[in-house]
Structure formats: C-alpha cells, structure tokens
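Enquirer: Give me a model of this one.
(chains A, B, C and D)
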Number of protein chains: 2
Amino acid sequence: MATIRELARHCGVSVATVSRVFNTPEVVSRETRQRVEAAATEIGYLPNESARTLATKKSNMIGLVWDTDHRRSGWRHPFLQEILVALKTALSAHGLHLLLLATGADEPDRHLRAVRRHNLDGVVMIDNGSRDPAVLALADAGIPCVALDLPLTGPCCTFVTSDNAGGARQAVDHLVRSGHHRIATIAGPARTGPGTDRLAGFRAGLAAHDLPLPPEYVVEGDFYLDSGRAAMRALLLLDTPPTAVFAAGDEMAIGALQTATEAGLRVPADIAIVGFDDIELAALIPPGLTTIAQDRTGFGTAAAEALIAMIQAGSDAPPPVPIVLPTSLARRGTA
Amino acid sequence: MATIRELARHCGVSVATVSRVFNTPEVVSRETRQRVEAAATEIGYLPNESARTLATKKSNMIGLVWDTDHRRSGWRHPFLQEILVALKTALSAHGLHLLLLATGADEPDRHLRAVRRHNLDGVVMIDNGSRDPAVLALADAGIPCVALDLPLTGPCCTFVTSDNAGGARQAVDHLVRSGHHRIATIAGPARTGPGTDRLAGFRAGLAAHDLPLPPEYVVEGDFYLDSGRAAMRALLLLDTPPTAVFAAGDEMAIGALQTATEAGLRVPADIAIVGFDDIELAALIPPGLTTIAQDRTGFGTAAAEALIAMIQAGSDAPPPVPIVLPTSLARRGTA
DNA sequence: CTGAAAGCGCTTACAG
DNA sequence: CTGAAAGCGCTTACAG
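Expert: Numbers count the residues shown, from 1 in each chain, chains lettered A, B, ... in the order given. Sure, this is the predicted structure:
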C-alpha cells in the first residue's frame, strides 16, 4: 500500500500537492496534475479513507439504522431489498457508502454513539414500528437523518412515506365505484405511522361518500397473515357482514382472502378485498389481489436525495419538507 | 466530542493509560481503570474509530459485495433479508459492522480498492451469477472473504452454500416414492452454482433409481416466474409429457404450477411439482408448494463465523473448508 | 503498572 | 501554483 508520501517522492512534489490533485484538482497546474495522476495509477496509490476522515471529520459513510432483533424478530419489510438497492445506487453517485449499524445493547444512545465514533455523515432509518428511543435520540441530535415510514422531524431530520391516507381513499373510492356500501377494514397497528394513516384515510373515504362505519367494521391486525385470517373470521361472524374489506397490508389481505375462500365465499362476487403494498405475491396469488401499490424504488431514491441535500446545506439550514410518495391502484381479481 | 487527551487530563493520567483501559484493561490497575471508566461516561468520551483504524490498520468493518445494477437489474435474492439479519447479528457479537460497498464504475479492481481504502477486515459476497471478475480478484488478493452460493476459494477465502445437489436428490426421491417415473426438470442457469448443482443432483437422483432422462426433459429457466411458465408449456407439448416436474427454484415452480392449472391439469393428480428455496409464497399459494427448504439464517451465521475464524487465524493459515448447509423437504400440496 | 514519544496517512491554513 | 508544517485522535513499542 503506497502512501501519499511515497507517491509525492515518486514524482518530486510535496504531499500537499498530491493531496490537492485528489481533492481540488482545479487548483494545480495541468502539467503537475497529469504527472501525479499517471504516477498514482502506476504505483497503485489509493487514498486511505481513515486518514482522510480523521483529518476532515467527514467519512463519506451513511449509517443505516434498521432494527432486526429481539422484540420483533419476525419483522419483515415488504420491500426492503428494493429500498436498499435504490439507496445504494443513489448514494453511490455521490461517493457515499452505506454502513449497516450493528445492533448492540439496548442503550438509547447506541445509534448516536455509532454515528460519532464513525464520523458518519448522516443516517437513514427504517421504521419497524417499535418507537425505539434510540431512533428518536438521533433525530434530536441534529445529525442529518431521514426516516422511512416514520413521521420524524428534527433540526436536521425529515422523512419519506407513501401517501397512506390517500392510498386508503383510493381503495375506498374503488370499492364504492363497484357498488359497495358495507365496507370494513382490517387496520394495521395503531402505533405505526402507516397503520394510523391508512385507517384515517379509510375513515375519510367513507365519510366523503356519506357511508357509515360501524365500530365493529374496524378490526386491528399486525400486518401479518394470521391476523388477516382472524380479522376476516370476526367480520364474517357479524350480523351484517361487510360486502367489501380494505386490508391495510397485503399479507393481511391474503389471509383474509384465504379465510373467505375457505368459508365458501366467492371473491369478489360475495366479498371484495383490497390490500395495500403490492407485494410480489399480490400478482401471483389467484385471482390476483387488487391492492394499493407503493413507489418501491422511490423510497430509497427520495431518501438518498433528501439526505444529500441536508448534508450539503449544513445542519443550520431548515430541513427539507417531508416527502410523500403517491400511491396507485393495482386493479386485479379481488375487487 | 471529547478526545482521549481531554479524558486523560480530566483524570490525571496519560493518554496511553486511557487507551489501555479501552484496549487491554487487564494491564492497568483496578483503581486507575475505574477512575478512567467513570470519567469516560461522565464526559461522554467515545473513541474515534477513524483514528483507531489509522493506527491499527483494522477497521472492524466487513465489506458486503452485492451487485445490484445494470446487467441484471431485476435480480432478487430469495431471502436476502434473512441473510443480512443473520450476518449483522453474528458480526455484531464481535463488534464488526457491515459496509455495503457502493457499486461504482466497472473496473475489475473496484472491490479491492474499496477494501484497501477503508481497511476492511474482510468481505462477504453474495453471488448474483454474473461471474464478476471484480469478485474473483478479491478472492485472489488474500483478503479474508467468504462467498455465498459461489464456489470461490483462494488463499484466505471460502464459501457457504446449500447442499444443492443433495436437495435435488431429496426432490427426486420424494417424487419416486410417490410413484413417478417420468420426471422432468426446469433447471436454473448453467452459469450459476445452484443452477448447475441442482441439475447434477437431479440427474444423479434419477440415475440412482434407474430412471431415464430424455434430453427434452431438461429445460433451462432463469429462476424467474415467466421462465417457469414457458418451460412448463414446452414440457406439456411433448409427445410423452412428464408426470412430475422438479423446478430448481420456487418462482419457476409457481410459474409452472400456474401454467399447468391454466391448461386444465390438476396438481398433483395430473402433474406433480416440487420447487426449491421455500420462499414465503410457497406456503401461501394454493395448494401449497412442495419444495426443498434451505437453511435461511444458517447462511448468514455460517458466513459470519467462517469470516471471523479467518480473520483471527490470519491470512497464512489455511482457510476453513467450504460449508455446505443441509436442505429439507417441505411437503405441501403439489407433490 | 504507567508515561513520553513516535508514528499511522492524510488535509489545510499560511507563506511565498 | 506550490511547499513546510501543524494537526486530526488514536496505539504501541520502549523505558522506567
């Protein structure tokens, strides 16, 4: 591993000059620059990032906070992979790398510590609905951060989310257009942003159409399959069961679909179902799940852009406004 | 951000002593150690990782090479998320972080450069079947690395994979036990390790049962849904169609299932289908896909352990032998 | 058990 | 446009 000193000696300039050709090339003479560049590739010089970070306090690394453990070990993001890819791609374009932060002990300052220790330039956090105080601590600390699906704001913090309320309205509108009056919902957990917002949008949608919402038409699930099955069972047992169900997540919708089918009902003839997310499965499972699609890659791209904007603007500038991604109706067989 | 110097002054010792309480605590007196530790939490001292890396040449970071781009933008790993979680968990236990390497230009030394620039302690690479020369370069360079699903070896390199051949044999054995003689396969791409190995295991399984394999009973897919549909269409057009199909991946199996169903065949009565991977969908899609399950979290855990072993042993020690994870038959409705 | 000092490989005012 | 020099925050022989 050649160092900057060796390279400098190799072409008879000072280390300062070598440093400049890599950082502010416009400031060094054409002739010198080319000589240094040629020598650099010749001897295989590579700047040492740790030394740079030590000198500049910038690491060119973004932390990714993504809690994977204990309290909710079964948690799965509907399209984590797409988010990672989009993030990585967008950040790469600015020379930024993504550091998956190790999940350590349970101290509320663990993420903050990691950020400081590694001189991270910013962080993106993916919500898992656990209301982790360590996540909130980050938002308060004034280090550039953007949250996904979690309405977090702070001195240098913003978030990106789908238009969950609007998407729920799209679902309701579609069902009403199809002639339904008795529409129930299988909601997501009230502690999650998407859970709350989709329920709110659902209520607003019914109200806009002057449709009633009996309390028993709202049953809360946990976004997973079994909760969708249980909820559908409960709905079918009602004295006046709904003719349509909006499930706030596709897995729950699929659970509901299975339960309805097993109960001998035809979907959508006897009961219509609309989901939310547009996971892989939605298109594959017969008869095709009608659902509200999110902008999967938009998440990562928007997050990266917002983060880069904050980093460039500095932490005293006002943070970008939250980004709300539009949803769309993916019309298939169940409604 | 307090520095080691401030902390040292704060408790009247030298910076060397402070450094020792964090790195080799057993070498400093109990009394001094406790004083330093107390002061550290009091003033919120956090060691600067860049400075440590610069001094020690160890970054406590593992690179993750995971090509996401251009040539194969639609590539999806069947259980990337589980692998990441398991990796992260296992590495965390040793204080190691995971750095997602930005995918830059197409130079064959791009990963190697990233490793050197960041002083990475090791790397794990996830195969996407692209035979990337940049990946091979890493294996040759003698930096500790472990490959997933890619039979890569080198001075300090090993790999972990499922027993793909054995899994394919399990599939064949199951079908034969169910009375099938005419068994075809929808293979994975020949350029991928899993594609090749599953086909070899399939052939070996048939041979072991003295069953013939007409050439037209082998059709190659690309692991994705549509290729499974196309393959099944081709198989059904044969003069003597098979009574059972082993698809080397669940998505292809599901495509085959759909095509068979659409053609009016009953599964498994008219044609049996066995997949490979045991993705989420397998259990959810009616009538339940019979498939060969991989040890999803085992991948990440085994990779982390192998990597840590190599790092601790040093690069002159012989690398661990490749790790082959056992598979299991998940028996459901299609066979 | 502890300290003084050199060194890790860069960047960046400050002069010229 | 370029160089000499200080400094970034640690670690680690080397003495004692």
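
Enquirer: For the closest residue to A:His118 other than its chain neighbours, give me the pLDDT.
Expert: Here the nearest residue to A:His118 in space, its sequence neighbours aside, is B:Glu49; by C-beta to C-beta, 6 or more residues apart in numbering or on different chains that works out to 5.1 Å. Just so you know, the C-beta spots here come from the backbone N, C-alpha and C atoms, and that holds for glycine as well. In the predicted model, B:Glu49 carries a pLDDT score of 94.

Enquirer: B:Glu49: how many residues sit nearby?
Expert: Residues contacting B:Glu49 under the criterion other C-beta atoms under 10 Å in any protein chain shown number 21.

Enquirer: Likewise for A:Thr240?
Expert: Neighbour number of A:Thr240 under other C-beta under 10 Å is 9.

Enquirer: wait, isn't it in contact with A:Pro212?
Expert: No: A:Thr240 is beyond contact range of A:Pro212, at 10.9 Å (criterion: C-beta atoms under 8 Å).

Enquirer: residue contacts, the nearest residue to A:Glu107 once chain neighbours are set aside?
Expert: Excluding the flanking residues, the one nearest A:Glu107 by C-beta to C-beta, 6+ apart is A:Ala134, at 7.3 Å. By C-beta atoms under 8 Å, 6 or more residues apart in numbering or on different chains, A:Ala134 lies in contact with A:65, A:107-112.

Enquirer: can you rerun that using 10 Å?
Expert: Contacts for A:Ala134 (C-beta atoms under 10 Å, 6 or more residues apart in numbering or on different chains) come out as A:65, A:67, A:101, A:103-104, A:106-114, A:125.

Enquirer: Next: A:Gly205.
Expert: Applying C-beta under 10 Å, 6+ apart, the residues near A:Gly205 are A:165-166, A:168-176, A:183, A:185, A:211, A:213, A:246.

Enquirer: Run the chain-centre distance for the helix or strand harbouring it.
Expert: Element membership for A:Gly205, per DSSP states H and E: helix A:193-208. Mean-position distance between helix A:193-208 and its chain equals 20 Å (C-alpha atoms, centre = their mean, to the nearest Å).

Enquirer: I'd assumed A:Asp197 was in contact with A:Ala165.
Expert: Yes: taking contacts as C-beta atoms under 10 Å, A:Ala165 lies within contact range of A:Asp197: 4.8 Å.

Enquirer: and A:Val176, how many neighbours?
Expert: 17.

Enquirer: following the helix or strand it falls within, which helix or strand shows up next?
Expert: Per DSSP H and E: A:Val176 is located in helix A:164-177. Following helix A:164-177 in sequence order, the next helix or strand is strand A:183-187 (DSSP H and E).

Enquirer: Those residues of chain A touching DNA strand D, which are they?
Expert: Contact residues (C-beta under 7 Å from any atom of the strand) of chain A with DNA strand D: A:12-17, A:20, A:27-29, A:31-33, A:51, A:54-55.

Enquirer: at 10 Å what do you get?
Expert: By C-beta under 10 Å from any atom of the strand, the residues of chain A that approach DNA strand D are A:4, A:8, A:11-21, A:24-33, A:35-36, A:50-57, A:116-117, A:119.

Enquirer: tell me, which of these make contact with DNA strand C?
Expert: Residues of those in contact with DNA strand C (C-beta under 10 Å from any atom of the strand): A:4, A:8, A:14-21, A:24, A:27, A:50-57.

Enquirer: Just the ones in helices from those residues, please.
Expert: The helices, defined by DSSP state H, take in A:4, A:8, A:15-21, A:50-56 from these.

Enquirer: Spatially central residue (nearest the centroid) of chain A, please.
Expert: Nearest to the mean C-alpha position of chain A, by C-alpha atoms, centre = their mean, lies A:Leu148 at 3.7 Å.

Enquirer: And that residue, how far from DNA strand D?
Expert: Plainly put, A:Leu148 is 31 Å away from DNA strand D if you go by C-beta to the nearest atom of the strand, to the nearest Å.

Enquirer: Which residues are in contact with that residue?
Expert: A:66, A:77, A:80, A:83, A:87, A:124-127, A:159-162, A:193, A:299-300, A:302-303.

Enquirer: In helices only, show me those residues.
Expert: Secondary structure from DSSP H places A:80, A:83, A:87, A:193, A:299-300, A:302-303 of those in helices.

Enquirer: List the contacts of A:Ser328.
Expert: A:Ser328 neighbours (C-beta under 10 Å, 6+ apart): A:167, A:170, A:278, A:291-295.

Enquirer: Can you select the buried ones from the residues you listed in ChimeraX?
Expert: Selection command for ChimeraX covering only the buried members of the contacts of A:Ser328, criterion 16 or more other C-beta atoms under 10 Å in any protein chain shown:
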select /A:167,170,278,291,292,293,294,295
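
Enquirer: Return the member of the contacts of A:Ser328 nearest to B:Val219.
Expert: Nearest to B:Val219 among the contacts of A:Ser328 is A:Asp278, at 30.3 Å by C-beta to C-beta.

Enquirer: Surely that closest one is in contact with A:Gly288?
Expert: No: the criterion here is C-beta under 10 Å, and A:Asp278 misses it with A:Gly288 at 11.1 Å.

Enquirer: overlap in contacts of the two?
Expert: A:330, A:332.

Enquirer: Return the residues of chain A in contact with DNA strand C.
Expert: Residues of chain A lying close to DNA strand C (C-beta under 10 Å from any atom of the strand) are A:1-8, A:14-24, A:27, A:45-58.

Enquirer: make it 7 Å
Expert: Taking C-beta under 7 Å from any atom of the strand as the criterion, chain A approaches DNA strand C at residues A:1, A:3-5, A:15-16, A:18-20, A:22-23, A:45-48, A:51-52, A:54-56.

Enquirer: In ChimeraX, select just the buried ones from the residues you listed.
Expert: To isolate the buried members of those in ChimeraX, using 16+ other C-beta under 10 Å:
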select /A:4,18,19,20,22,45,46,47,48,51,52,54
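
Enquirer: how about the strands in the stretch 201-335 of chain A?
Expert: For the stretch 201-335 of chain A, applying DSSP state E, counting those that start in this stretch gives strands covering A:218-220, A:244-247, A:272-277, A:290-293, A:323-325, A:328-330.

Enquirer: The fifth one - contacts with which helices or strands?
Expert: Helices and strands touching strand A:323-325, by 3 or more C-beta pairs under 10 Å, 6 or more residues apart in numbering or on different chains; DSSP states H and E, are strand A:157-162, helix A:164-177, helix A:296-313.

Enquirer: Report the closest residue of the stretch 101-250 of chain A relative to DNA strand C.
Expert: Of all residues in the stretch 101-250 of chain A, A:Asn119 sits closest to DNA strand C, at 12.3 Å by C-beta to the nearest atom of the strand.

Enquirer: Quickly find the element holding that residue.
Expert: For A:Asn119, there is no enclosing helix or strand under DSSP H and E.

Enquirer: That one contacts A:Ser59, doesn't it?
Expert: Yes: shown here, A:Asn119 and A:Ser59 form a contact pair, counting by C-beta under 10 Å, at 4.2 Å.

Enquirer: And the helix holding A:Gly205, what's buried?
Expert: Neighbour-count burial for helix A:193-208, counted by 16+ other C-beta under 10 Å, picks out A:193-199, A:201-203, A:205-206.

Enquirer: quick one: contacts for A:Val13?
Expert: A:Val13 touches A:7, A:20-21, A:28, A:32, A:35-36, A:39, counting by C-beta under 10 Å, 6+ apart.

Enquirer: What is the nearest of those to A:Leu284?
Expert: Of all the contacts of A:Val13, A:Leu284 sits closest to A:Val21, with 53.9 Å by C-beta to C-beta.

Enquirer: So what's the residue count around that closest one?
Expert: Per other C-beta under 10 Å, the neighbour tally for A:Val21 reads 20.

Enquirer: And for A:Ser178?
Expert: Applying other C-beta under 10 Å, I find that A:Ser178 has 14 neighbouring residues.
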